[in-house]
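A structural model of the following input is requested.
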Amino acid sequence: MQSAMRNLLCSAAVLAITLLTACGSGSGTTVPANIRLVNDTTSLLDLDINTATQIASVGAKTSSAYSSIAPGTYTESLATNGTTVPTATGNIGLGTGQNYTTIAFLHNTDIEAQSYAENQTIPSAGYSSLNIANLSVDAGPVDVFLVAHGTAIPANATPTFSSVQGLSTAATLASTSASVAYDIIVTGFGNAADIRLVYSSPAFASAQAYTLALTSTPGGGLVNGVLIPQGIAITASGFYTNPQARVRVLSALPQSPSQEVLVTVGTTALLPDYAPNWTPYQVVAGGSTITSLTVAGSAITVPAIPNGSFTAGGDFTVLVYGTTAAPLAVVFTDTNQIKANSASVRVVNAAVTGGVGLNLIVNGSAKISNVPYGSDAGLPLVYAGVAPSSSPTLQLIGGGYDQTLSGTSVPLVTGAVRTVFVYDATLPPLVISDR
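As a prediction, the model looks like this:
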């Protein structure tokens with residue numbers, strides 16, 4: 001089912017945070033509108049209308065009751081309870097007799113919010129209605145599949161919702177029962193193998209409409225889910241934090257002879273990797289660790305993982321580099337979140353040794369300095385925001401290395417996330433499209 005950004009969704013530029021709001025209008029009658037706050041953050045929040053508190057003290061992972069308000073156009077804002085400085089703000093039009101939900105969620109450490117009108121048609125007995133609100137700017141467009149509980153996406157299956165950005169149109173499904181159960185599987189658009197969320201066995205009541213809101217994760221690629229029933233209270237189980245992480249393998253080992261790198265995370269064997277290529281991200285259990293790492297069939301020392309394990313919601317890269325005789329490994333925390341109005345670039349130095357770090361210059365402007373060999377031993381890599389360019393010039397210099405890439409083959413478009421991968425001290429780097 002093709003997604004459709006409804007007329008009720010519009011954007012409002014605010015402070016450093018964007019709030020997408022329902023764009024309704026009042027009718028001049030006295031029939032009130034109703035609004036509630038769904039809080040998918042870790043903070044206690046207030047919802048303010050025209051700077052006055054409309055809904056107070058909504059706890060983390062809870063929802064308020066509806067609050068009545070006269071139809072009209074207002075300034076809506078969120079504030080951490082007990083403060084007067086808004087964390088997100090925008091304009092909202094409230095229509096006569098209409099219910100609205102504002103959902104607050106985290107994007108990195110920022111609190112963001114979006115609102116929508118609850119206007120799904122209630123289905124007949126034995127059926128439920130569902131639409132998808134993709135609120136994660138980092139995940140990009142997604143496909144959503146409803147499959148029988150405990151099963152994978154069938155080969156060549158058509159998504160229930162396709163290429164969702166913003167709010168989808170609704171689909172009708174049989175309500176859950178002792179004999180009917182679903183899993184919701186969210187994937188990247190057009191790639192059923194690119195799993196972003198598996199929401200196991202949600203309950204859909206008879207004659208009830210739902211919105212599944214997809215929100216951001218620390219790594220950027222995965223999404224969390226909040227299942228919001230229309231017109232009634234959300235339950236604690238409706239807040240579904242993604243229990244998985246994503247991990248990929250990147251090798252900078254000498255290419256002749258080719259050396260197979262195999263990594264097992266928990267019980268999940270990642271795809272084999274050969275330099276200078278990289279594997280796609282694969283989902284693993286959050287909190288898992290590397291249980292096996294081999295190069296050409298021989299075990300090597302397993303690297304430390306930042307924070308001790310692959311944290312749920314995170315993206316990670318296992319880099320293997322060094323010499324054939326003495327390969328090394330390190331784990332990087334990846335941040336595939338977009339930077340507003342810019343592209344995001346980092347450097348992985350897996351080739352230039354000698355104690356002198358690499359420097360990245362983009363379109364004549366210095367962006368990243370002194371990236372050491374092995375980069376930075378697994379600490380978070382520096383991501384630089386750069387002005388968007390469809391045909392940029394990237395120069396890597398330092399330690400005798402001097403390579404330049406330019407042209408449309410390395411576009412730094414708005415919202416792009418790129419890794420500049422230096423894998424051989426005599427060759428140009430590769431530019432990996434992380435997002």
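
how about the closest residue in space to residue 373 that isn't next to it in sequence, what does it touch?
Excluding its sequence neighbours, the residue lying closest to residue 373 (Cβ to Cβ, 6 or more residues apart in numbering) is residue 353, at 4.6 Å. In this view, the C-beta of every residue, glycine as well, is placed from N, C-alpha and C. Contact analysis of residue 353 by Cβ atoms under 8 Å, 6 or more residues apart in numbering lists 373, 399, 425.

export these to JSON lines and tack on distance to residue 122?
Output for the contacts of residue 353, formatted as JSON lines (distance: Cβ to Cβ, whole Å):
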{"residue": "373", "distance to residue 122": "62"}
{"residue": "399", "distance to residue 122": "66"}
{"residue": "425", "distance to residue 122": "65"}
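
just among these, which is most surrounded?
residue 373 (20 neighbours; other Cβ atoms under 10 Å).

export the contacts of residue 353 to TSV and tack on secondary structure and pLDDT?
Listed next are the contacts of residue 353 as TSV, based on DSSP: H, G, I helix; E, B strand; the rest coil; pLDDT from 0 to 100:
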residue	secondary structure	pLDDT
373	coil	91
399	coil	91
425	coil	94
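
list just the nearest of those residues to residue 123.
residue 373 (60.4 Å; Cβ to Cβ).

okay, domains of this protein per the record?
9-117, 127-242, 243-331, 335-435 (automatic domain parsing).

the ones you listed: lowest mean pLDDT?
With a mean of 80, domain 9-117 has the lowest mean pLDDT of the domains of the chain.

how about residue 273: what's its closest non-neighbour residue?
Residue 273 sits nearest to residue 249 (Cβ to Cβ, 6+ apart), 4.0 Å away.

where's that neighbour, which helix or strand?
Assessed by DSSP states H and E, residue 249 sits inside strand 244-251.

so is the residue nearest to residue 373 in a helix, a strand, or just coil?
State at residue 353, reduced to three classes by DSSP: H, G, I helix; E, B strand; the rest coil: coil.

now do it against residue 42, distance only.
Here the criterion is Cβ to Cβ, to the nearest Å. By it, residue 353 lies 42 Å from residue 42.

thought residue 38 was touching residue 102?
Yes: using Cβ atoms under 8 Å, residue 38 is in contact with residue 102, at 7.1 Å.

among these two, which residue is more densely surrounded?
Per other Cβ under 10 Å, whichever of residue 38 and residue 102 has more neighbours is residue 102, with 27 against 22.

quick one: residues contacting the more buried one.
With Cβ under 8 Å, 6+ apart, residue 102 has these contacts: 35, 36, 37, 38, 47, 76, 78, 92, 113, 114, 115.

going on from the host helix or strand of it, what's the next piece of helix or strand?
Assigned by DSSP H and E, residue 102 falls within strand 99-107. Next along the chain after strand 99-107, taking DSSP H and E as the criterion, comes strand 110-117.

now do the buried residues in that next one.
111, 112, 113, 114, 115, 116, 117 (16 or more other Cβ atoms under 10 Å).

put the alpha carbons of that strand into PDB.
The C-alpha coordinates for strand 110-117 follow below in PDB (Å, rounded to 0.1, in the frame of the first residue of the first chain):
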ATOM      1  CA  ASP A 110      17.000  16.100  21.500                       C
ATOM      2  CA  ILE A 111      13.300  15.900  22.200                       C
ATOM      3  CA  GLU A 112      11.200  16.100  19.000                       C
ATOM      4  CA  ALA A 113       7.500  15.900  18.400                       C
ATOM      5  CA  GLN A 114       4.900  15.300  15.700                       C
ATOM      6  CA  SER A 115       1.100  15.500  15.800                       C
ATOM      7  CA  TYR A 116      -1.600  13.900  13.700                       C
ATOM      8  CA  ALA A 117      -5.400  13.900  13.600                       C
END
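
what ranges does the stretch 201-350 of the chain have for its strands?
Ranges of strands in the stretch 201-350 of the chain, per DSSP state E, counting those that start in this stretch, are 208-216, 223-229, 239-240, 244-251, 261-265, 268-269, 282-285, 290-295, 298-299, 315-322, 327-334, 343-349.

in CSV, list these along with mean neighbour count.
Formatted as CSV, the strands of the stretch 201-350 of the chain follow (neighbours: other Cβ atoms under 10 Å):
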stretch, mean neighbour count
strand 208-216, 24
strand 223-229, 23
strand 239-240, 20
strand 244-251, 25
strand 261-265, 22
strand 268-269, 14
strand 282-285, 20
strand 290-295, 17
strand 298-299, 9
strand 315-322, 24
strand 327-334, 22
strand 343-349, 25
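
report the contact partners of residue 346.
Counted by Cβ under 8 Å, 6+ apart, residue 346 has contacts 368, 381, 382, 383, 384, 418, 419, 420.

select only the buried ones of the residues you listed in ChimeraX?
Of the contacts of residue 346, the buried ones can be selected in ChimeraX as follows, counting by 16+ other Cβ under 10 Å:
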select :368,381,382,383,384,418,419,420
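
quick check: the two most widely separated of the contacts of residue 346?
382 and 418 (13.1 Å).

what is the nearest of the buried residues of strand 110-117 to residue 174?
Distance to residue 174 across the buried residues of strand 110-117 (Cβ to Cβ) is lowest for residue 116, with 24.6 Å.

and that closest one, bridged to which residues?
residue 101 (DSSP bridges).

pretty sure it is in contact with residue 167, am I right?
Yes: distance between residue 116 and residue 167: 5.9 Å, which falls inside the contact criterion (Cβ under 8 Å).

the residue nearest to residue 273 against residue 269, yeah?
No: counting by Cβ under 8 Å, residue 249 stays clear of residue 269, with 10.9 Å between them.

what's the overlap in contacts for those two?
Common neighbours of residue 249 and residue 269, counting by Cβ under 8 Å, 6+ apart, are residue 263.
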